[in-house]
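A.B. asks: The following comprises the amino acid sequence and a computationally predicted model.
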Amino acid sequence: MIYNKLPNTDIKVSEVCLGTMTFGQQNSESEGHAQMDYAFEKGVNFFDTAEMYSIPSHKETYGSTEKIIGSWFKSTGKREKVVLASKIAGPSPIFGYMREKLDFSPESLQYALDNSLKRLQTDYIDLYQLHWPERKTNIFGQRGFKVKDDQWEDNIHQVLETLDGFIKAGKIKAIGVSNETPWGLMRFLEESKKYNLPKIATVQNPYSLLNRLFEVGSAEICYRENVGLLAYSPLGFGVLTGKFLDEKVKHPKARLNLFPQYNRYSSEQSTAATKMYNDIASSHGLTLTQMALAFVNQQPSVTSTIIGATSIPQLKENIESFRIKLSTEIFDLIEAVQAVYPNPAP
C-alpha cells in the first residue's frame, strides 16, 4: 500500500480510501465491521463517511454509518490508527432526510460536528468536509452553471473562522470541500490566504472514466494550489465493473437497481463508452474494474481514491486493483474513447 500526505498536513493516508455510505442500509453493522477489518488488514488507514450516510438518507437511517464506524472504533480500539474523514451536509436537492437547517452557519457547523463526534465515539475528526455548497450551483446531471434563485450571501470567511475554532479546540485537524466547483474552491483558497485562515486540503469530487470534468478547471487549481483530489465514484455506481453490459444478467442487489434515481452513469452514451472501455481492458488481460480504478489512481492530482463495496469479494478486487499500473498504450486508447464520448456522465 502506498501512502500520501494530505496536502499541507503531516497526515499520511493510504492511496485507497474506504467509502462507507452503504453501512446501515445495504450493509448491516456486522458487514460494515467486516469491511473495515479487511480493509485495515490490507493497509487501508483512511475511512470516509458523512453525517447524512447511509444513502439514500431517511429519518430512520440518518447517521447510521457514523454509528457503525463508532462501534467499530469502540470494539477494536483502532481509532488512533485510522485517518477519519466526515462531512457536514449542505443544502443539496438530492439529499433525503437531513437536519432541519442545512447551512454552514456557526450554529449548524457546531451542531453537526458535535453530533458526528458522538456517533463516531471519538473526540476528533482528521478531515472535516463541507459536503455540498450552500449556494445553488451545478448539480448531478448538469454540466454547466445556470443562475437560478440566487439568494446566497458570501459567508466563506465566517465558515473558515468557525472551522479554525474547531481546529484550535482539537476537534478537527484539516478541512476539505466536496462536490465543489472551481470557483468555490478558489474562493475558499483566496480567503484563507488573505486572512491566514485554514487552507482547504482536499476536494472530494466525482472522477472516473465516465466523468472527467474535474480536469477542466479544478485539476490546474489543485496542482498550483497544492490541494488533493479525493476521487469518489471511480466505478460509477458499479457501471464501470461492466456487470450491467449483459442485459440478460440481473443484479437485484446492485445500487442502481435498488436506487434507480441515481442514474447519472446510465445514459446511452455512458453505456456505449463503457462497452469500449471494457473491450480495451479485456484485450489487455484486465477486468474493467481493474482498469477503471488504476486509471483514477494514476492521475497526478489524486491523493486517495474512495472505493465502496457491499461484499468482501468486491472489496478485495477493488483494493487489489491498485497494484496495477496502466501502460501508455492503454492510456492512449482510453483517450480515444474520451474523444468520442467526452464525460458522458456529468
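C.D. replies: Structure's in. What do you need?

A.B. asks: what ranges do the strands span in this protein?
C.D. replies: Along the chain, the segments classed as strands by DSSP state E run 3-5, 12-14, 16-19, 46-48, 83-88, 125-130, 172-178, 200-206, 228-232, 302-307.

A.B. asks: Strand partners (parallel or antiparallel) of the third one?
C.D. replies: Strand 16-19 pairs in its sheet with strand 46-48 (parallel), strand 302-307 (parallel), by DSSP bridges.

A.B. asks: The spatially most central residue of the chain and Ala85, how far apart?
C.D. replies: Geometric centre of the chain, nearest residue: Tyr232, 3.6 Å, by CA atoms, centre = their mean. To Ala85, Tyr232 is 11 Å away according to CB to CB, to the nearest Å. (Each C-beta comes from the backbone N, C-alpha and C, glycine too.)

A.B. asks: who touches both of those two?
C.D. replies: Common contacts of Tyr232 and Ala85 (CB atoms under 8 Å, 6 or more residues apart in numbering): Asp48.

A.B. asks: which residues sit against stretch 325-341?
C.D. replies: Applying CB under 8 Å, 6+ apart, the contact partners of stretch 325-341 are 209, 212, 269-270, 272-273, 276-277, 280, 284, 291, 294-295, 298.

A.B. asks: For PyMOL, write the select line for the buried members of the residues you listed.
C.D. replies: To isolate the buried ones among the contacts of stretch 325-341 in PyMOL, judged by 16 or more other CB atoms under 10 Å, type:
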select buried, resi 209+212+270+273+276+277+280+291+294+295
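
A.B. asks: lowest-confidence helix or strand of this structure?
C.D. replies: One helix or strand of the chain scores below all others by mean pLDDT, DSSP states H and E: helix 255-258, with a mean of 58.

A.B. asks: May I see the buried residues of stretch 217-236?
C.D. replies: Buried residues in stretch 217-236 (16+ other CB under 10 Å): 218-219, 221-222, 225, 227-236.

A.B. asks: Dump the strands paired with strand 16-19 to JSON lines, plus mean neighbour count, distance to Glu80 and mean pLDDT.
C.D. replies: JSON lines is the format used below for these (neighbours: other CB atoms under 10 Å; distance: least, CB to CB, whole Å; pLDDT from 0 to 100):
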{"stretch": "strand 46-48", "mean neighbour count": "27", "distance to Glu80": "13", "mean pLDDT": "98"}
{"stretch": "strand 302-307", "mean neighbour count": "24", "distance to Glu80": "19", "mean pLDDT": "98"}
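
A.B. asks: Which of these sits closest to Glu60?
C.D. replies: Checking the strands paired with strand 16-19 against Glu60 by CB to CB gives strand 46-48 as the closest, at 22.5 Å.

A.B. asks: Helices along the stretch 51-200 of the chain, start to end?
C.D. replies: With DSSP state H, counting those that start in this stretch as the criterion, the stretch 51-200 of the chain has helices at 64-76, 106-120, 156-168, 182-195.

A.B. asks: just how off-centre is the last one within its chain?
C.D. replies: Here helix 182-195 shows a centroid-to-chain-centroid distance of 21 Å under the convention CA atoms, centre = their mean, to the nearest Å.

A.B. asks: before we move on, back to that, and the contacts of stretch 325-341, which is closest to Asp103?
C.D. replies: Asp103 has its nearest neighbour among the contacts of stretch 325-341 in Arg212, at 30.9 Å by CB to CB.

A.B. asks: From Tyr341, how far off is the closest one?
C.D. replies: For Arg212, the distance to Tyr341 - CB to CB - is 11 Å.

A.B. asks: pLDDT weak spots in the chain?
C.D. replies: 93-97, 247-262 (pLDDT under 70).

A.B. asks: and stretch 280-294, which residues are buried?
C.D. replies: 280-281, 286-294.

A.B. asks: Distance to Pro133 for those residues - can I get that in JSON lines?
C.D. replies: Formatted as JSON lines, the buried residues of stretch 280-294 follow (distance: CB to CB, whole Å):
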{"residue": "Ile280", "distance to Pro133": "35"}
{"residue": "Ala281", "distance to Pro133": "35"}
{"residue": "Leu286", "distance to Pro133": "36"}
{"residue": "Thr287", "distance to Pro133": "36"}
{"residue": "Leu288", "distance to Pro133": "32"}
{"residue": "Thr289", "distance to Pro133": "31"}
{"residue": "Gln290", "distance to Pro133": "34"}
{"residue": "Met291", "distance to Pro133": "32"}
{"residue": "Ala292", "distance to Pro133": "27"}
{"residue": "Leu293", "distance to Pro133": "28"}
{"residue": "Ala294", "distance to Pro133": "31"}
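
A.B. asks: Quick check: the farthest pair among these?
C.D. replies: Maximum pairwise distance among the buried residues of stretch 280-294 (CB to CB): 14.2 Å, between Ile280 and Leu293.

A.B. asks: circling back to that earlier point, I'd like the strands paired with strand 16-19 as a markdown table, with distance to Ala345 appended.
C.D. replies: Listed next are the strands paired with strand 16-19 as a markdown table, based on distance: least, CB to CB, whole Å:
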| stretch | distance to Ala345 |
| --- | --- |
| strand 46-48 | 21 |
| strand 302-307 | 17 |
